[in-house]
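fold the stuff below for me.
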Amino acid sequence: MKPLETLATESTCKMKIKHQLSIFNALTRLLIIVVLWFVLPMLIQNVVYKHINKSLLEKKQKFIQHLDKEEINDYIVGNDSSDTYASYSMLHNSFLQLSRLPENQVMKKTAFVNEPRIIEDETNEYRILQYAFVYEDSKYLLEIGSSLNEIKDLTFIIKAFIIILFGVVIILTFIVDTFYIEYLLKPFYKIINTKIRNANDPDSFDYTPVASHTADFEELDTVLNQMMKRIGEVFKNEKQFIANVSHELMTPISLLKNRLENLLQNESLDDNAVDKIAASLRTLDMLKKIINNLLLISKIENNQYAANEKVAVADVIRDLIIDLEDRFEEKNITLFNKASTDFEFTANQTLIHILLYNLIVNAIKYNHIGGSIAILDGIEDRNYFIEISDSGIGMNENQLLHIFERFSRISTDQDGQGLGLAIVHTIANFHNIIILVTSKAETGTTFKLLFPSELK
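Numbering: from 1, shown residues only. Below is the predicted model:
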C-alpha cells in the first residue's frame, strides 16, 4: 500500500515553463536552419547566376563589338555549316565558341542554359550564354560558357559553414536563454516556495512583497496577498463561530445532565423510566465529548496552545501503555514496545499525549481479539520517527483518503464520533509532524510519525 500523502498528492510529471521556453526557442532556431538548408542554395544560385550572366553578357558585348567579316573568316574556315571556332581557357573554367547556323534554323536571340560539355576529354557543367545573330546575311551562334564546378563547391562550403555556425548559435543561445529565463522566473518560484507551498493556513502565510522586475509577477504577488487576507478572515470567522457555538452549547448540556441526574434520585420512577433517563445521560455525555473535541480542534487551529515544553516521546508512550493496560488485557492484545530512542523536541506536552493516546486507542479499538500492536521508533534521514502498527481490520484505499476528515469512521461497529484522527491530524500540523499511513484490509494499519529534527 502507498502512504496516504503519496496517494493524495501523486500526479504526472510535467516540464517547468523555463524548460519549455528554452526548448521552444531551440526548436525555432533549428527550424530556421532546416529552412535555410533548403532555401539558401537556391538564393545563392540565383545570385551567382545573375553575376555569371552579367559577366557572360559583358564578354559577348566585347566580342561582338570588334567582330567583322574578316575576323569571322579567320574564326570559321570553310563554308560548311558545321564549321566552328572554339577557344578554351587553360583550366577549362570558361570557353568561347562561334558556329555557323543553317539558314532555316530558328533560335532565340539570347538564352542562358546549363549544360555539360566535353572539353579535351574532360566533362564539366557550364553556365552558357547562347547568342544568335546575323552578319551579312549569314546566321551565327555565339556560345560563351563559365564553369559551375567552383560554384557548387562554394555552395557546399557555405551550407556547411551555416550549419556549423547555427549549431554553435543554437547551443549558446539555449544556454543564455535558460539562464535568462531562470532569472526572469526567479520571483515566480520564490512566490511558489515562500508563499504557497509552505502555507498550511492563512496565519502562517508570508505577506512580505516579493521583489520582481516583471509587472506580471508583482501583480500575482499582490493578488495572492489579497486572496489570502480574505481567506484568513473567513477562516478566522469560521473558527470563532465553532468555538462560540461549542462553548455556548456546554451550558445547556450541563443543565440537562444535572436535571436528569436529579430525576434518577426520585425513588418513584419505574425501571423503564430509569433506563430512558440513563440512555439520555449517555447521549448527553457523547454530545459533550463531541463538543469538547471540536473545541480542542478549534483552539489548536487558533494557536491557543503554547508549544514551549521539552517532550520526551518515548516517556510519553511508556506512560500511556501503563494507563491503557486494562484495555490491552480486555482484548487480549500483545504489545511490543520497542520505542527507546532518547529524543526530545519542543512541543505541547498535553497535545502530544492526546495525539499518541488517540493512535494507540485506535490500534486497540480496530484490532482483533488476541491481536498485536507494535511500537517502534528510530532516526531516519536525521528525523526521529515512531511507528504504531496493529494487526486489525485495516482499510482500503478509499478509506485511507478520508481517515483524517471530521466525523469519518472506519467501521460503524465501533463506538466513537469520528473525531479522533481529525484531532491527531490537527495536532500533527500544529507541531510540523508528518503523518504517513499504510494499511491493508484485514491485515492491519501502520501510522508513521516523522518529527522535526531536534535531536537531544
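
would you mark the buried spots in the longest strand belonging to the chain?
If you go by DSSP state E, the chain has its longest strand at strand 122-135. Going by neighbour count (16 or more other C-beta atoms under 10 Å), the buried part of strand 122-135 is 126-133. Every C-beta, even on glycine, is put in place using the N, C-alpha and C of the backbone.

among these, find me the one that's closest to Glu397.
Arg127 (77.3 Å; C-beta to C-beta).

doesn't Lys54 make contact with the closest one?
No: look at Arg127 against Lys54 with C-beta atoms under 8 Å: they stay out of range, at 11.4 Å.

before we move on, the earlier item: from the buried residues of strand 122-135, which shows the smallest pLDDT?
Minimum pLDDT across the buried residues of strand 122-135 is recorded for Phe133, with 83.

residues in contact with the closest residue to it other than its chain neighbours?
The shortest distance from Phe133 to any residue other than its chain neighbours is 5.7 Å, reached at Tyr140 (C-beta to C-beta, 6 or more residues apart in numbering). Neighbour list for Tyr140: 72, 98-101, 132-134 [criterion: C-beta atoms under 8 Å, 6 or more residues apart in numbering].

now do 7 Å
By C-beta atoms under 7 Å, 6 or more residues apart in numbering, Tyr140 lies in contact with 98-101, 133.

please narrow those to those residing in strands.
98-100, 133.

looking at the residues you listed, which one is closest to Lys239?
Phe133 (104.6 Å).

for the buried residues of strand 122-135, give me JSON lines that also has distance to Glu380.
Shown next, in JSON lines, are the buried residues of strand 122-135 (distance: C-beta to C-beta, whole Å):
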{"residue": "Tyr126", "distance to Glu380": "82"}
{"residue": "Arg127", "distance to Glu380": "79"}
{"residue": "Ile128", "distance to Glu380": "85"}
{"residue": "Leu129", "distance to Glu380": "87"}
{"residue": "Gln130", "distance to Glu380": "89"}
{"residue": "Tyr131", "distance to Glu380": "92"}
{"residue": "Ala132", "distance to Glu380": "95"}
{"residue": "Phe133", "distance to Glu380": "98"}
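
coming back round to it: can you confirm the residue nearest to Phe133 is in a helix?
No: the assignment for Tyr140, made by DSSP: H, G, I helix; E, B strand; the rest coil, is strand rather than a helix.

any idea how far Ile352 is from Glu143?
According to C-beta to C-beta, to the nearest Å, Ile352 and Glu143 sit 104 Å apart.

same check, this time on Pro41
Counting by C-beta to C-beta - Pro41 and Glu143 are separated by 26 Å.

burial measure for Ser212, as a count.
Close neighbours of Ser212, defined as other C-beta atoms under 10 Å, add up to 19.

which helices and strands does the helix or strand containing Thr283 pack with?
Per DSSP states H and E, Thr283 falls inside helix 271-301. Here helix 271-301 touches helix 215-264, helix 420-430, going by 3 or more C-beta pairs under 7 Å, 6 or more residues apart in numbering; DSSP states H and E.

can you give me the buried ones in the helix or strand following the shortest one?
Remark: after helix 420-430, the chain's next helix or strand is strand 434-440, criterion DSSP H and E. When neighbours are counted by 16+ other C-beta under 10 Å, the buried residues of strand 434-440 are found to be 435-439.

and the next element down the chain from strand 434-440?
Following strand 434-440 toward the C-terminus (DSSP H and E): strand 444-450.

for that following strand, packing partners?
Right, strand 444-450 is packed against strand 383-390, strand 434-440 by 3+ C-beta pairs under 7 Å, 6+ apart.

rounded mean pLDDT for it, please.
Strand 444-450 comes out at a mean pLDDT of 93.

so what strands line up beside that strand?
strand 383-390 (antiparallel), strand 434-440 (antiparallel) (DSSP bridges).

got the angle between the last one and helix 420-430?
Counting by axes from the mean of the first three to the mean of the last three C-alpha atoms, to 10 degrees, strand 434-440 points 150 degrees away from the direction of helix 420-430.

just the C-alpha atoms of strand 434-440, please, in CSV.
What follows is strand 434-440, C-alpha atoms only, in CSV (Å, rounded to 0.1, in the frame of the first residue of the first chain):
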residue,chain,number,x,y,z
ILE,A,434,4.4,14.5,9.1
ILE,A,435,1.9,11.5,9.2
LEU,A,436,2.3,8.6,6.8
VAL,A,437,-0.3,5.9,6.8
THR,A,438,-0.1,2.4,5.2
SER,A,439,-2.9,-0.1,5.5
LYS,A,440,-4.3,-3.3,4.0
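
average pLDDT across it?
Here the average pLDDT along strand 434-440 is 92.

what does the longest one give?
Model confidence over strand 383-390 averages 93 on the pLDDT scale.

so what touches that strand?
So strand 383-390 is contacted by 313, 339, 341, 343, 359-360, 363, 366-367, 371, 373-378, 444-451, 453 (C-beta under 7 Å, 6+ apart).

picking that back up, could you dump the strands paired with strand 444-450 into a markdown table with distance to Glu233 added?
Formatted as a markdown table, the strands paired with strand 444-450 follow (distance: least, C-beta to C-beta, whole Å):
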| stretch | distance to Glu233 |
| --- | --- |
| strand 383-390 | 35 |
| strand 434-440 | 29 |
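
for Asp315, give me its contacts.
Here Asp315 is in contact with no residue (C-beta under 7 Å, 6+ apart).

how about it, secondary structure?
helix.

so how far is Val361 from it?
Taking C-beta to C-beta, one finds Asp315 at 19 Å from Val361.

what secondary structure does the nearest residue to Phe217 once chain neighbours are set aside sit in?
Of all residues not flanking Phe217 in the chain, Pro187 sits nearest, at 4.4 Å (C-beta to C-beta, 6+ apart). With three-state DSSP as the basis, Pro187 sits in helix.

just to revisit the earlier point, determine which of the helices and strands packed on strand 444-450 approaches Asn114 most closely.
Across these, closest to Asn114 is strand 434-440 (C-beta to C-beta), at 77.0 Å.
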